[in-house]
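Asks: with the sequence up front, the predicted model follows.
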Amino acid sequence: MDKNTIKSEQLISIYKRIKHSIVNNALLRLDIEKENYFLVKRLKLIGLCFSSFTTLRYKWYTC
């Protein structure tokens with residue numbers, strides 16, 4: 001095996017790890033969005049709404 005073969009095998013393993021972590025992140029994000037949806041529905045019941053939100057920063061306003 002020459003150096004190029006070793007490098008390509010390393011690249012493939014790195015690619016697989018990255019792909020795996022992207023899939024895991026996407027699944028985690030879906031779970032978080034689902035939880036946020038139910039959280040928002042519950043908060044509307046008590047009169048709080050989201051004006052806008054990014055991943056972990058929430059701005060509140062009353063409905």
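Replies: Nice, thanks for sending it over.

Asks: going forward, measure contacts and count neighbours with C-alpha atoms only.
Replies: Noted.

Asks: can you tell me the helix or strand for Glu35?
Replies: Take DSSP states H and E as the rule and Glu35 turns out to sit in helix 3-45.

Asks: and that helix, what other elements does it pack with?
Replies: Counting by 3 or more CA pairs under 8 Å, 6 or more residues apart in numbering; DSSP states H and E, the packing neighbours recorded for helix 3-45 are strand 48-53.

Asks: for the strand it packs on, what does the pLDDT average out to?
Replies: When the per-residue pLDDT values of strand 48-53 are averaged, the result is 53.

Asks: same deal with stretch 26-45?
Replies: For stretch 26-45, mean pLDDT is 75.

Asks: buried sites along that stretch?
Replies: Of all the residues in stretch 26-45, not one is buried under the rule 16 or more other CA atoms under 10 Å.

Asks: Tyr37 versus Asn24, what's the distance?
Replies: Note on Asn24: its distance to Tyr37, by CA to CA, to the nearest Å, is 20 Å.

Asks: got it, and Ile14?
Replies: For Ile14, the distance to Tyr37 equals 34 Å [CA to CA].

Asks: kindly report the same for Leu28.
Replies: Plainly put, Leu28 is 14 Å away from Tyr37 if you go by CA to CA.

Asks: cool, Gln10 as well?
Replies: Taking CA to CA, one finds Gln10 at 40 Å from Tyr37.

Asks: and what of Ile18?
Replies: Ile18 sits at a distance of 28 Å from Tyr37 (criterion: CA to CA).

Asks: try Glu9
Replies: 42 Å.

Asks: and Arg29, by the same measure?
Replies: From Arg29 to Tyr37 the distance is 12 Å (CA to CA).
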